[in-house]
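Visitor: turn this into a structure:
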Amino acid sequence: RLDSPLLRRPLARHSGAPSCEVILVLGTPTTVVFRAQHAVMDAAGAMLWQTQVFRALRGEAVEGATNEFTPEQLTAEVAAKHGCDLWLPSKELWLGPSILGPAWPRARQSMFRRRTIEGTHPPVTAKIARLVTACVGGEGRVAVPVGLRQYLPGLRTTGNAGGVVVFLVHKDEDWNDVHASLLTALNEHRYLEDLVPPVWQEKKLSWMRATRGLVDSAFRRKAVCDITASVSYLGAVDLADFCAGGFEATGYYSLGCVGISPELNVVESQGRTELTVSWFDGPGVGERAEALLNWIADKLSPPAHRVW
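Guide: Residues are numbered from 1 along each chain as shown. Have a look, this model is predicted:
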């Protein structure tokens, strides 16, 4: 099912085209898929949208998402609340091997893979960051999305309301060291980055899009990335929030974005960890993604520990 054309169909390709959709896939099991273009929703926003749809299906009052803002306004407001300046984007160029090898350089076809892992494994973000960098020589650059809603109580929006922390994982570090690096970056508010630095203001959007597209194609062809992986922890969900009528949720997972580097998404429910990886497709990419997920699952939950 994860290779279905329905999941690969681009959203918002032209003016007036839908930027989000809901797909009902009948069968065993029946699956409800919520898709959104990342330009209009982030993961937490999509989760808010999903819970409100199921509230409506259960006949409950819908709680609106009425706040309007731009990501730049939100970032500036959180920075003011913390009493800190915005970070400028790093000019340092870092390149490393792709954890999934080469992909088709020009095709935009996406690839998704999923694994259910028994138990929960805090601090799972640091552990996965250590594991994905270990599989490409031990050193890598990891991006971790950070939600900003937590700093503005009462903010209700489905829009993009987050920043990103990017940090290096070194060869001689274990997951405790990686966790310490992540906590340090969060404490220093490195996720509050100037989203439109002066050098970008001088460029047209079409130029930036074309330049980034050429860079991405070259990276995929040469099997290198400027970010080893993005690791997104979406927290724990209550499956009861996604039930209505005759539909009873037995699992919940996020397929994430397909972007400049492979993305791993983590959701916890009912004592299980749902882990997915998404990236561009290509010869052998799906098989390498399966092997990566199997390896992470075995490290987080060794087979010998699964038998009681």
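Visitor: quick check: phi and psi at residue 263.
Guide: Residue 263 adopts backbone torsions of phi -120, psi 130, taken as degrees, to the nearest 10.
Visitor: please apply the same query to the one 10 residues further on.
Guide: Backbone dihedrals for residue 273, given as degrees, to the nearest 10, come out at phi -110, psi 120.
Visitor: for residue 46, phi and psi?
Guide: phi -60, psi -40.
Visitor: ok, now residue 137?
Guide: For residue 137, the backbone dihedrals (degrees, to the nearest 10) come out as phi 100, psi -10.
Visitor: hey, what's the closest residue to it other than its chain neighbours bridged with?
Guide: Once flanking residues are discounted, residue 137 sits nearest to residue 97: 6.9 Å by C-beta to C-beta, 6 or more residues apart in numbering. Glycine gets a C-beta too; all of them are placed from N, C-alpha and C. Assessed by DSSP bridges, residue 97 has beta-bridge partners residue 224.
Visitor: what does residue 25 give?
Guide: Residue 25 has these beta-bridge partners by DSSP bridges: residue 31.
Visitor: that one is in contact with residue 35, isn't it?
Guide: No - Residue 25 is beyond contact range of residue 35, at 11.9 Å (criterion: C-beta atoms under 8 Å).
Visitor: other SSEs contacting the host helix or strand of residue 292?
Guide: Using DSSP states H and E, residue 292 falls within helix 285-300. Applying 3 or more C-beta pairs under 8 Å, 6 or more residues apart in numbering; DSSP states H and E, one finds that helix 285-300 makes contact with strand 110-118, helix 124-134, strand 272-280.
Visitor: now with 6 Å, please.
Guide: For helix 285-300, the elements it packs on are strand 110-118, judged by 3 or more C-beta pairs under 6 Å, 6 or more residues apart in numbering; DSSP states H and E.
Visitor: show me what counts as buried in the strand it packs on.
Guide: By 16 or more other C-beta atoms under 10 Å, the buried positions in strand 110-118 come out as 110-115, 117.
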